[in-house]
Structure formats: structure tokens, C-alpha cells
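J.: Here you go, sequence then predicted model.
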Amino acid sequence: MTMAATIPPNIPPSESLIEYPSDFPIKVMGLTHVEFTTTILQVVQKHDPTFHEGKLEARPSAKGNYMGLTVVVRATSREQLDALYTELSGHPMVKVVL
């Protein structure tokens, strides 16, 4: 079973709590796999070409079964964030996106 973030309905820009552009943290969790971090980096870079490994923090779970990544993207629009969340949430390696 995959748990993923649900994208809320369109919020008018005047009601958005996010100011664009801004740095925006996203947490991505999945099973520990040798390619997990590299794969997530590639997905994020498609949506934020300025993203680099220095904007990523990785933490394994206590038992080492899962890997949690925090990526800080440069959010330039609601559409960009929605597309990134959608792609991450639909990726087979990803269990949760927050």
C-alpha cells in the first residue's frame, strides 16, 4: 500500500500561504534501496533545475528499513509544486510525501 500526499483543490493565489519564489521543504520516504536517493534527486531536478545535493538531508529509519529524505526546492509557482508532488507521490519507490 502506498501512502501519498493528496493535493488540495486549487487555492486562489490570494489565499496561498506560500510566497513565490521561496525555499520549500518536502519530505519523501521510501524503502531503503541503493538507488532511492539518486532517483529522488533526478525527479526533483526535473522540477527545480537549481536543486543540488547540498539541499538534501537523508535519514535512515531506526531499523534501517526506510529512508527519509528532506529536499528543499526553490518553489516558483503552485503549478511547479503540484507537479513535483504528483510525480513523487506516483513513483513506485516512494511510500510517503509530506
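T.: Thanks, I have the structure now. Numbering: from 1, shown residues only.
J.: how about the helices in the chain?
T.: Shown for the chain, the helices assigned by DSSP state H span residues 36-47, 78-90.
J.: would JSON lines of those helices with mean neighbour count and distance to Tyr66 be doable?
T.: The way it works is simple: take the backbone N, C-alpha and C, and place the C-beta from them, glycine included. Formatted as JSON lines, the entries for these read as follows, by neighbours: other CB atoms under 10 Å; distance: least, CB to CB, whole Å:
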{"stretch": "helix 36-47", "mean neighbour count": "17", "distance to Tyr66": "9"}
{"stretch": "helix 78-90", "mean neighbour count": "16", "distance to Tyr66": "15"}
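J.: Output those helices in a markdown table, with distance to Glu19 and mean pLDDT appended to each entry.
T.: As requested, those are arranged in a markdown table below (distance: least, CB to CB, whole Å; pLDDT from 0 to 100):
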| stretch | distance to Glu19 | mean pLDDT |
| --- | --- | --- |
| helix 36-47 | 18 | 97 |
| helix 78-90 | 11 | 97 |
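J.: Among those helices, which comes closest to Gly64?
T.: Proximity to Gly64, assessed across the helices of the chain by CB to CB, is greatest for helix 36-47 (12.4 Å).
J.: How far away from the center of its chain is that closest one?
T.: Offset of helix 36-47 from its chain centre (CA atoms, centre = their mean, to the nearest Å): 9 Å.
J.: Go ahead and name everything in contact with it.
T.: Under the criterion CB atoms under 8 Å, 6 or more residues apart in numbering, residues 26, 28, 30, 51, 53, 56, 58, 67, 69, 71, 73, 80, 83-84, 87-88, 91, 93-94 lie in contact with helix 36-47.
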